[in-house]
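# next comes the sequence, and after it the predicted model I'd like to discuss.
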Amino acid sequence: MSFKSPQQGNLSSPTMFLLLGFSSAYRAQMTLCLCFSLIYLVTVLGNLLIMTLVWLDAHLHSPMYFFLSHLSFLDICYSSVTLPKILGDSFSPQKTISFVGCIAQIYFFLCFGGSECVLLAAMAYDRYLAICHPLHYPTLMSKKMCHCLVTISWLSGSFSSLIQAFLTAHLPFCRSNMIDHLFCEMPYLLKVSCSPDAPLNKATLYALAGTVAMGSFLLTLMSYVYIIGAVLQKGAGMQKVFATCTSHLTVVSLFFGAGAVAYLVPHSSGSKEMDEALSLLYAVVTPMLNPIIYSLRNSKVKGAIRKALRRGGVTDVHQGWRHSRCTTSTLPTAGMRLSVTQDT
């Protein structure tokens, strides 16, 4: 494999990386390809369905479903960073990726992943306002605030991933050009780096990732602590509200938990198969599950699907954002505080 000319003594960067996370057995590769193809198809179709329903059905023009539509778009982008490349490599005898392609994959993977972390926190904050401050919710969660939270999520993911990709790209890789993984991911790329400044760079990289991921997780957790406190204080409809929180926190736990283990636990402490399973859990499986857990189990979304099927997919689209704020048709009144969480 060819290498660039050394930049620092005997330190150099490869022009290509060889991905070793694939089985060499033909049957195993075909099984892997079939499974990933099915997962990608379900992910794209499921999330496109949610986006289309939120766009077409006026009953879903509220902040909660506005955030869900953006989450669906992020899930499509997030899974598209890795799965098409994995599917292509399953048919290729040489599982290679260029140095530029590898850094680009790391950037977009971290960008969409970080943006999703912040968006999950924004969704939890939206539910907190709807349940704990129902009278002020229409004012607090205005159209401007909805767009502001989405913009913050995108900017947070983009800025953090840009710094991480830039620092990773400037690390010399003189040990090997072989990455023992299914796709380019920062911890695996750092393993083959031999820079004398690697510990400092690793600390910076993990600090950025930890700030976005753990900060978002703590905000999500704090929101649900207040939600549960409000439910316990009210003392009505607890079972349904707790079921809703469990569904939301299940995906949050899968996404953040698997990511934290993959990025924070030393890879030498676990097997290669376990590391790959954790990576696939938050990179591939979670985007497929999000439409089911967040939306397809939702009575309003299922009603929108039935309505679209009855009318051939044509619904009223003239309603939507009214004046300068999000529609509040699904918001609770003071006497219906708990009902808003039943469809989240």
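Nice, I can see it. Numbers count the residues shown, from 1 in each chain.
# please count neighbours and contacts with C-alpha atoms only from this point.
Will do.
# low-confidence bits of the chain, can you list those?
In the predicted model of the chain, residues 1-14, 22-26, 174-176, 195-198, 201, 235-248, 262-273, 294-299, 312-344 satisfy pLDDT under 70.
# can you give me the strands in it?
For the chain, the strands defined by DSSP state E cover 16-19, 96-98, 178-179.
# distance from the longest one to the middle of the chain?
Between the centre of strand 16-19 and the centre of its host chain there is 25 Å, according to CA atoms, centre = their mean, to the nearest Å.
# partners of that strand, with directions?
Strand 16-19 sits in its sheet next to strand 96-98 (antiparallel), strand 178-179 (parallel), going by DSSP bridges.
# could I get the full set of helices for the stretch 51-200 of the chain?
63-89, 99-132, 137-140, 143-169, 186-191, 198-234 (DSSP state H, counting those that start in this stretch).
# dump the strands of the chain to CSV, plus mean neighbour count and distance to Asp75.
Shown next, in CSV, are those (neighbours: other CA atoms under 10 Å; distance: least, CA to CA, whole Å):
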stretch, mean neighbour count, distance to Asp75
strand 16-19, 20, 24
strand 96-98, 17, 23
strand 178-179, 19, 25
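# could you dump these to CSV with distance to Pro63?
Below are the strands of the chain laid out as CSV (distance: least, CA to CA, whole Å):
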stretch, distance to Pro63
strand 16-19, 42
strand 96-98, 40
strand 178-179, 42
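# hmm, back to that, quick one: which of the helices of the stretch 51-200 of the chain is nearest Leu48?
Across the helices of the stretch 51-200 of the chain, Leu48 has its closest neighbour in helix 63-89 (7.1 Å, CA to CA).
# which neighbouring elements make contact with the closest one?
In terms of contacts (3 or more CA pairs under 8 Å, 6 or more residues apart in numbering; DSSP states H and E), helix 63-89 is packed against helix 26-56, helix 99-132, helix 143-169, helix 286-290.
# go again using 7 Å as the cut-off
Using 3 or more CA pairs under 7 Å, 6 or more residues apart in numbering; DSSP states H and E, the elements in contact with helix 63-89 are helix 26-56, helix 99-132.
# list the buried residues in that helix.
If you call a residue buried by 16 or more other CA atoms under 10 Å, then helix 63-89 has these buried ones: 63-83, 85-87, 89.
# repeat that for stretch 216-229.
Going by neighbour count (16+ other CA under 10 Å), the buried part of stretch 216-229 is Ser216, Phe217, Leu219, Thr220, Leu221, Met222, Ser223, Tyr224, Ile227, Ile228.
# how about stretch 134-150?
Within stretch 134-150, the residues scored as buried using 16+ other CA under 10 Å are Pro134, Leu135, Tyr137, Pro138, Leu140, Met141, Ser142, Lys143, Cys146, Leu149, Val150.
# from Thr220, how far off is the first one?
Using CA to CA, to the nearest Å, Pro134 is found at 19 Å from Thr220.
# likewise for the fourth one?
Distance, Pro138 to Thr220, by CA to CA: 21 Å.
# ok so, going back, turn the helices and strands packed on helix 63-89 into JSON lines, columns for mean neighbour count.
Listed next are these as JSON lines, based on neighbours: other CA atoms under 10 Å:
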{"stretch": "helix 26-56", "mean neighbour count": "17"}
{"stretch": "helix 99-132", "mean neighbour count": "23"}
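# would you turn those helices into JSON lines with distance to Arg311?
JSON lines is the format used below for the helices and strands packed on helix 63-89 (distance: least, CA to CA, whole Å):
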{"stretch": "helix 26-56", "distance to Arg311": "12"}
{"stretch": "helix 99-132", "distance to Arg311": "30"}
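# to Leu232, which of these lies closest?
Across the helices and strands packed on helix 63-89, Leu232 has its closest neighbour in helix 99-132 (11.7 Å, CA to CA).
# next, the angle from that closest one to helix 143-169.
For helix 99-132 against helix 143-169, the angle by axes from the mean of the first three to the mean of the last three CA atoms, to 10 degrees is 150 degrees.
# now for helix 99-132, which elements pack on it?
Using 3+ CA pairs under 7 Å, 6+ apart: helix 99-132 touches helix 63-89, helix 143-169, helix 198-234.
# figure out which of the strands paired with strand 16-19 is closest to Leu48.
The nearest among the strands paired with strand 16-19, by CA to CA, is strand 96-98 at 28.9 Å.
# so how far is the closest one off the chain centroid?
Worked out by CA atoms, centre = their mean, strand 96-98 lies 24 Å from the chain centre.
# contact partners of it?
Contact with strand 96-98 is made by Thr15, Met16, Phe17, Leu18, Leu19, as judged by CA atoms under 7 Å, 6 or more residues apart in numbering.
# hmm, the fourth one is touching Asn177, no?
Yes. The criterion here is CA atoms under 7 Å, and Leu18 meets it with Asn177 at 6.2 Å.
# how close does the residue lying closest to Ala283 once chain neighbours are set aside sit to Leu200?
Of all residues beyond its chain neighbours, the one nearest Ala283 is Ser79 (6.4 Å), with distances taken as CA to CA, 6 or more residues apart in numbering. Note on Ser79: its distance to Leu200, by CA to CA, is 30 Å.
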